[in-house]
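**Q** can't give you the sequence, but here's the structure:
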């Protein structure tokens, strides 16, 4: 696993989460290392050591100018009134993480001395660099120091003639992704250093809460980073989606709507991951206790369960809310039928999950009002678009699809997911149980906020039209006058003709209700012409479905949104 902050400790099981495996070096890179081994560096100056030894080593490690993993040469740093010029600073995503200094060959010194190390350490402690790893190379040897552990001796020493044989040791420390994980291990190391001296158990709990809250705030950033890297619907993207972990499939991809080819890949990949045992997938998708979700999540989870029922009619486990009384050796078809009814009724018979669905859409509506009615928030999309235009590769999919509106939509989606996650977390007891009445109170508070925002922005319908984001989803109408979960669930039945027929036979009144709320798919299944008039659901019916019979809130929202709902 290589040298690290646990250099002298046995590797623990938890350490597997903090390291990355190396892939074999391609033959041309090994040939380049062999060429370096054969060099006669006698009489080399520092510049020659840089050019003929360090530069090729850096490229083989995976750094190149102008990439996400860049080598910056000779950039100045300031100490008081003096400017210093480190030989190399290495950046990951524009952040400095380590450096290397070139020295003239010193054949009479088996290791670097105080003067050489001290100069490099001076550069490393500069706040713009803050590198723990410091590397020295004189063309004859390479030494790596971890200044946060010990400067009495290097953590790694490699002779040039052994470069090929020992290069993986260097890679384990200095390849871009290895450095990225090393930075995370620095955080763990600092926690150990501080908390090992703690003497107040309550302080430990308070610190844990502080860290948990800080990490929770990073959830949006992580999702934003993911969103910025979404690729177009292509063979490559389908291949990549099929290769991601179950954890990512469930906690990221199920929350987003995808083009049909990617939706098919998502569903069939989840089904494939159920071989030979489906428990580890089902337990993540359909947790025992209510989890954060949204319309896309539940509709796509239904499609996954239907597809699974065709491959595995009986599974070893399903949660009680999907398979009451038969959690072991459970019927996937029976569970899918139960989930289908939940989706077509907005979880009429499952109050906790109904609350979560209603909260997810209400939060999304509130965030959209805030985005459109606050000029600063609105211009975030424009700023992001300009930055994407300036920094992005011109011949890229991101440049083709980039727009201020698109960036705002992505930001709203991410923000809604994060806020729903917090909503669910805030409604759990210490044992993880969902507190339904507390959740209802919080949901009603969200509706009050929504109503007050609309009251404060009486021209919101006109503003919404002037600042049209071009969304395909009817956000303002969702779970006010329109049941998007039911509509989307019907859409995802298309690859399963038997299930479409089942829905029409067993749940025709429910589909008629969806048609009365504007679902085009429901109208299509019922054979209702697009131009035909259908009686619309009354405020009382909408209140019963979406607002726990609170007609006043329905009326307030319909008045505030006007013809948007």
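**A** Received, thanks. As the structure is a prediction and not an experimental result, all values here were calculated from the model.
**Q** low-confidence bits of this protein, can you list those?
**A** Scanning the chain for pLDDT under 70 picks out the ranges 1-17, 66-68, 70-78, 80-81, 85-95, 225-234, 389-401.
**Q** could you list the domains of it?
**A** For the chain, automatic domain parsing gives the domain ranges 13-187, 352-481+537-564.
**Q** for stretch 498-511, the distance to its chain's centre please.
**A** 36 Å (C-alpha atoms, centre = their mean, to the nearest Å).
**Q** closest to residue 199 out of the domains of the chain?
**A** For the domains of the chain, proximity to residue 199 was assessed by C-beta to C-beta; domain 13-187 is nearest, at 22.1 Å. All C-beta spots, glycine's among them, are computed from the backbone N, C-alpha and C.
**Q** the closest one: how far from the chain's middle?
**A** The answer for domain 13-187 is 31 Å, by C-alpha atoms, centre = their mean.
**Q** what's the first helix or strand after the helix or strand where residue 525 lies?
**A** Element membership of residue 525, judged by DSSP states H and E, is helix 520-526. Counting by DSSP H and E, the next helix or strand C-terminal to helix 520-526 is helix 539-546.
**Q** which other helices and strands contact that next one?
**A** Counting by 3 or more C-beta pairs under 8 Å, 6 or more residues apart in numbering; DSSP states H and E, the packing neighbours recorded for helix 539-546 are helix 551-561.
**Q** for the helix it packs on, packing partners?
**A** Helix 551-561 is packed against helix 436-456, helix 460-466, helix 539-546, with contacts defined by 3+ C-beta pairs under 8 Å, 6+ apart.
**Q** redo the domains of the chain as TSV? Include distance to residue 309.
**A** Output for the domains of the chain, formatted as TSV (distance: least, C-beta to C-beta, whole Å):
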stretch	distance to residue 309
domain 13-187	34
domain 352-481+537-564	20
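**Q** between those, which one is nearest to residue 281?
**A** Nearest of the domains of the chain to residue 281, taken as C-beta to C-beta: domain 352-481+537-564 at 19.2 Å.
**Q** related to what we said a few turns ago, most packed of the helices and strands packed on helix 551-561?
**A** Of all the helices and strands packed on helix 551-561, helix 539-546 has the most neighbours on average by mean count of other C-beta atoms under 10 Å, namely a mean of 19.
**Q** what's the helix holding residue 525 in contact with?
**A** With contacts defined as C-beta atoms under 8 Å, 6 or more residues apart in numbering, helix 520-526 is touched by 486-487, 490-491, 500, 503-504, 508, 511-512, 514-515, 529-530, 532, 534.
**Q** stretch 553-565: which residues count as buried?
**A** 553-554, 556-558, 560-561, 564-565 (16 or more other C-beta atoms under 10 Å).
**Q** so residue 493 makes contact with residue 507?
**A** No. Using C-beta atoms under 8 Å as the test, residue 493 is too far from residue 507 to be in contact (11.0 Å).
**Q** can you pull the phi/psi pair for the residue nearest to residue 469 when sequence neighbours are not counted?
**A** In this structure, residue 469 finds its nearest non-sequential neighbour in residue 405, 4.4 Å apart by C-beta to C-beta, 6 or more residues apart in numbering. Here is the backbone geometry of residue 405 (degrees, to the nearest 10): phi -60, psi -40.
**Q** so residue 405 sits right up against residue 380, yeah?
**A** No. If you go by C-beta under 8 Å, residue 405 and residue 380 don't touch, sitting 11.5 Å apart.
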